[in-house]
Structure formats: C-alpha cells, structure tokens
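**Student:** With the sequence up front, the predicted model follows.
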Amino acid sequence: MRGALGRAPGDVRVEDRADPTVVVASAGVLLTLVAGAANGVLNAALGRQAVASVPADRTAMGSGANNTARYVGSAVGITVCAVIIGASGVGPAGVLAGWNTTVVVTAAISLACAVLVLLVRDRPDSRAGTSSRSMASAA
C-alpha cells in the first residue's frame, strides 16, 4: 500500500527532511492533532455554556440549540470544504491546491467569528458588578 508520497506509510528517508512537501505534511498532521484536541475541549465547554446560559426550565432548549448549531455547522463546513477542494483541479496537485485554499478560507472564517464573539460578548458592568445582559433583563 502506497502513501501520499508514493511510498509505504512510515517510509521517511534522510533526504525527505529537506523536502518541503514532507515538512508541510508533517506540520499539517501536527496542527490537525492540535485542532482535534481543541475541538474536543471546545465542544464540551460549549455544551455546558449553552445549558448554563438559559433559565433552568429551558435547559433542553439550550442543549438542543447547541446541538443543532453544531450539526448544521459541521454539515455546511464539510460541504464548503469539499466544494473548494473539488473546484481546484484534478489530481494530487489540484487536491493540494484546494486543501491550501480551504485552510486559508476556514482560518479566515474562524478569525472573523472570533472577532464577532469579542464584539458581542457580555461585559461586566463596573458600577454594579453584573453583566450587561443581566442588567438589561432586570429592566
């Protein structure tokens, strides 16, 4: 069985250390492992926060909204990535170009969403020690 570089998996040679393809592929595997671990931690925290952010009699609604957003987001994300990769050409070079484009697009979307979260998050009210959301709901 041959790997992506035309050799058996695990067949790394000394001359491969200078090959940019091997270096990029190795970095990609490492970053994918880090992203996967972060995704696992994040999903657990998001589920807890979705339930904690709603009144006690609405916990099912919070959990359901969280799961719906996760599944719809995953389905749309996978579809968008497949379309970008598929539109980038045929063969290994096309798939690699599509993958590179997909990484840039998803990183840009993640950055934009992180900025959006920073803009809309609750901020403590320095006068009363409460969040702006709890002040608005009390009014």
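**Tutor:** Good, I have the coordinates. Numbering: from 1, shown residues only.
**Student:** which other helices and strands contact the helix or strand containing Ile84?
**Tutor:** Taking DSSP states H and E as the definition, Ile84 sits inside helix 59-86. Helices and strands touching helix 59-86, by 3 or more Cβ pairs under 8 Å, 6 or more residues apart in numbering; DSSP states H and E, are helix 20-52, helix 91-120. Yep, even glycine has a C-beta here, placed from its N, CA and C like the rest.
**Student:** From the chain's centroid, how far away is it?
**Tutor:** 11 Å (Cα atoms, centre = their mean, to the nearest Å).
**Student:** what does stretch 42-59 give?
**Tutor:** Between the mean C-alpha location of stretch 42-59 and the chain-wide mean there is a distance of 20 Å, by Cα atoms, centre = their mean.
**Student:** List the buried residues of that stretch.
**Tutor:** Buried residues in stretch 42-59, counting neighbours by 16 or more other Cβ atoms under 10 Å, are found at Ala50, Val51.
**Student:** contacts for that stretch?
**Tutor:** Contacts of stretch 42-59 with the rest of the structure, by Cβ atoms under 8 Å, 6 or more residues apart in numbering, involve Met61, Gly62, Ser63, Ala65, Asn66, Asn67, Arg70.
**Student:** Per-residue pLDDT of the residue nearest to the last one when sequence neighbours are not counted, please?
**Tutor:** Once flanking residues are discounted, Arg70 sits nearest to Asn43: 7.0 Å by Cβ to Cβ, 6 or more residues apart in numbering. What the model reports for Asn43 is a pLDDT of 82.
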